[in-house]
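Novice: sequence unavailable; structure follows:
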């Protein structure tokens with residue numbers, strides 16, 4: 001018996017029915033039954049493999065293809081074209097045909113290890129194709145004798161998209177690390193400038209000629225500090241105070257502010273989703289995110305338009321309906337901010353979250369607004385995406401994780417960060433007589449801190465590192481009421497210093513000052529460790545306030 005097996009395919013490459021013809025042969029007439037059985041298996045494999053395959057003759061014309069080949073290139077060639085022996089370079093983008101011809105020539109010369117060719121699908125440049133060209137071994141007989149090369153093709157569109165996403169993620173991470181490092185160094189410089197300005201202001205009256213100049217120095221230092229905070233937000237290294245919130249209440253409170261910001265020419269509509277899940281965010285930072293996006297939307301609508309703010313719940317199953325590859329399936333509360341402005345061009349859309357990137361005129365934008373928004377949302381554990389069409393408008397979608405409350409003990413030990421100074425407390429007495437150990441490796445910051453606290457009546461001992469601080473502590477016989485220490489220092493950092501001092505004096509009062517976020521180092525401390533925290537840059541008054549508060553706590 002002889003089996004003749006064929007898998008048919010439509011002109012578009014869709015696999016058709018399988019046909020097997022059985023011929024009765026006299027026993028012994030044909031001894032190649034095993035060979036024919038293997039041919040049947042190969043035919044099945046050839047047409048069932050997901051890889052597109054084509055046999056090509058010496059002139060580069062297609063001799064035969066499998067069904068996946070016709071399916072992949074259905075927009076370029078069909079079965080009739082293959083039957084007419086169309087050239088294979090027809091399915092190669094014109095910009096890469098020279099490279100393909102070079103690879104094909106190597107195959108004709110029986111060369112091995114030919115480099116694959118990455119190209120685009122002709123007529124659809126959003127689809128990426130990779131070609132592998134393999135030489136046909138000499139001595140091949142039978143039906144494949146006229147073949148010079150076997151060409152394999154794979155659709156790499158998804159792979160290219162993932163590679164682009166990975167490259168963008170790595171770039172944003174690298175820029176974030178750079179921005180965080182720069183911000184930390186600038187915070188030290190700005191702390192010294194602000195404290196020096198404060199010390200000068202204490203010795204000058206408002207009527208002095210130099211008083212306005214000193215105020216100008218301090219005000220511009222505070223402006224620089226604001227830019228640094230935006231850099232820290234992008235690098236996800238700022239201190240957040242998350243709390244469980246219902247976004248309906250937050251956006252309702254923001255309505256009047258947003259209405260004033262966008263002006264009378266823009267119609268503002270806030271659509272609250274029903275039964276919104278709670279989220280855990282820093283309310284101040286979230287409000288900043290919404291305000292920044294609203295201001296950007298306003299600037300994109302100089303002639304007026306519509307601005308819509310919408311909220312709704314999105315389940316993990318519904319996440320699949322979005323085309324965002326980075327979005328991890330989970331339950332989210334989504335905030336959509338949509339405008340009818342000028343829209344964003346595709347080449348610009350890829351860069352909008354990068355720091356210092358702006359399309360505004362010189363002097364009208366820092367390029368840090370959207371990068372700060374990106375950093376805040378990422379540090380909160382959420383996602384932000386933008387869809388835009390030139391001439392129609394843009395929509396920003398913020399995905400915030402649903403917060404599910406966990407049962408906890410009534411009292412749980414943990415760090416005790418310093419509470420912000422309330423307006424009513426601003427006029428309280430900030431003087432004291434306690435002994436302070438000030439640990440700071442930046443000379444200018446340390447000198448300013450010593451002068452600031454000494455002027456308030458404190459006895460201040462200074463050290464430039466954690467190791468030196470331990471030596472000073474021992475020399476004083478442990479008679480230190482409070483330690484104010486930087487976090488990042490050579491030899492011994494602040495958290496290690498706290499651990500060493502707690503061995504000697506378990507109830508030691510401690511304040512960390514740092515240009516980095518509190519949670520960047522707090523997670524490495526024991527759960528029972530109590531400390532205050534003062535972010536850099538800080539003023540003389542803020543330093544005196546945190547010391548006073550921790551001493552009285």
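Specialist: Structure received. This structure is a prediction, so every number in the text was calculated from the model and none was measured. Numbering: from 1, shown residues only.
Novice: check which helix or strand residue 385 maps to.
Specialist: strand 383-389 (DSSP states H and E).
Novice: quick check, residue 214 in contact with residue 199.
Specialist: No: using Cβ atoms under 8 Å, residue 214 is not in contact with residue 199, being 9.7 Å away. Quick note: C-beta positions are derived from backbone N, CA and C, even for glycine.
Novice: show me which of those two is the more surrounded one.
Specialist: residue 214 (18 against 15; other Cβ atoms under 10 Å).
Novice: let me know the pLDDT of residue 310.
Specialist: Looking at residue 310, its pLDDT is 95.
Novice: immediately after the strand holding residue 385, which helix or strand?
Specialist: Sequence order places strand 393-401 as the next helix or strand after strand 383-389, per DSSP H and E.
Novice: what sits up against that next one?
Specialist: By Cβ atoms under 8 Å, 6 or more residues apart in numbering, the list of residues contacting strand 393-401 from outside reads 247, 279-281, 289, 293, 297, 300, 305, 314, 322, 327, 330-344, 377, 380-388.
Novice: 7 Å instead, please
Specialist: For strand 393-401, contacts defined as Cβ atoms under 7 Å, 6 or more residues apart in numbering pick out 279, 281, 293, 300, 327, 330, 332-341, 343-344, 377, 380-388.
Novice: repeat that for stretch 248-260.
Specialist: Taking Cβ under 7 Å, 6+ apart as the rule, stretch 248-260 contacts 268, 270, 272, 276, 283, 286-287, 290, 294, 309, 311.
Novice: pick out whichever of the residues you listed sits closest to residue 462.
Specialist: Taking Cβ to Cβ as the measure, residue 462 sits nearest to residue 283 out of those, at 37.7 Å.
Novice: what are the buried residues along stretch 53-71?
Specialist: For stretch 53-71, burial by neighbour count (16 or more other Cβ atoms under 10 Å) applies to 53-56, 60-63, 65-71.
Novice: quick check: mean pLDDT of the one helix or strand residue 259 maps to?
Specialist: Applying DSSP H and E as the criterion places residue 259 in helix 247-262. Helix 247-262 carries an average pLDDT of 89.
Novice: kindly report the domain assignment for this structure.
Specialist: 1-48, 176-235, 243-401, 435-552 (the TED database).
Novice: I'd like the ones you listed laid out as a markdown table, including distance to residue 106.
Specialist: Shown next, in a markdown table, are those (distance: least, Cβ to Cβ, whole Å):
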| stretch | distance to residue 106 |
| --- | --- |
| domain 1-48 | 24 |
| domain 176-235 | 43 |
| domain 243-401 | 36 |
| domain 435-552 | 54 |
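Novice: nearest to residue 105 among those would be which one?
Specialist: Evaluated with Cβ to Cβ, these place domain 1-48 nearest to residue 105, the distance being 25.7 Å.
Novice: packing partners for the strand holding residue 385?
Specialist: Judged by 3 or more Cβ pairs under 7 Å, 6 or more residues apart in numbering; DSSP states H and E, strand 383-389 is in contact with helix 369-380, strand 393-401.
Novice: which positions in the lengthiest strand in the chain come out as buried?
Specialist: Longest strand in the chain by number of residues (criterion: DSSP state E): strand 124-135. Buried residues in strand 124-135, defined by neighbour count with 16+ other Cβ under 10 Å: 127-129, 131-133, 135.
Novice: what do you get for stretch 148-168?
Specialist: Those would be 148-156, 160, for stretch 148-168 by 16+ other Cβ under 10 Å.
Novice: which ones are touching residue 540?
Specialist: Contacts for residue 540 (Cβ under 7 Å, 6+ apart) come out as 195, 198-199, 452.
Novice: now it. Nearest residue, chain neighbours left out?
Specialist: Closest residue to residue 540 apart from its sequence neighbours, by Cβ to Cβ, 6 or more residues apart in numbering: residue 198 at 3.8 Å.
Novice: hmm, back to that, out of the buried residues of stretch 53-71, which sit inside strands?
Specialist: In strands, defined here by DSSP E, the members of these are 53-56, 62-63, 65.
Novice: which one among those gets closest to residue 348?
Specialist: Nearest member of these to residue 348, counting by Cβ to Cβ, is residue 54, at 39.9 Å.
Novice: show me the helices in the stretch 451-553 of the chain, by range?
Specialist: Applying DSSP state H, counting those that start in this stretch to the stretch 451-553 of the chain gives helices spanning 466-475, 494-504, 519-522, 540-552.
Novice: winner for burial among those?
Specialist: Mean neighbour count (mean count of other Cβ atoms under 10 Å) peaks for helix 540-552 among the helices of the stretch 451-553 of the chain, with a mean of 20.
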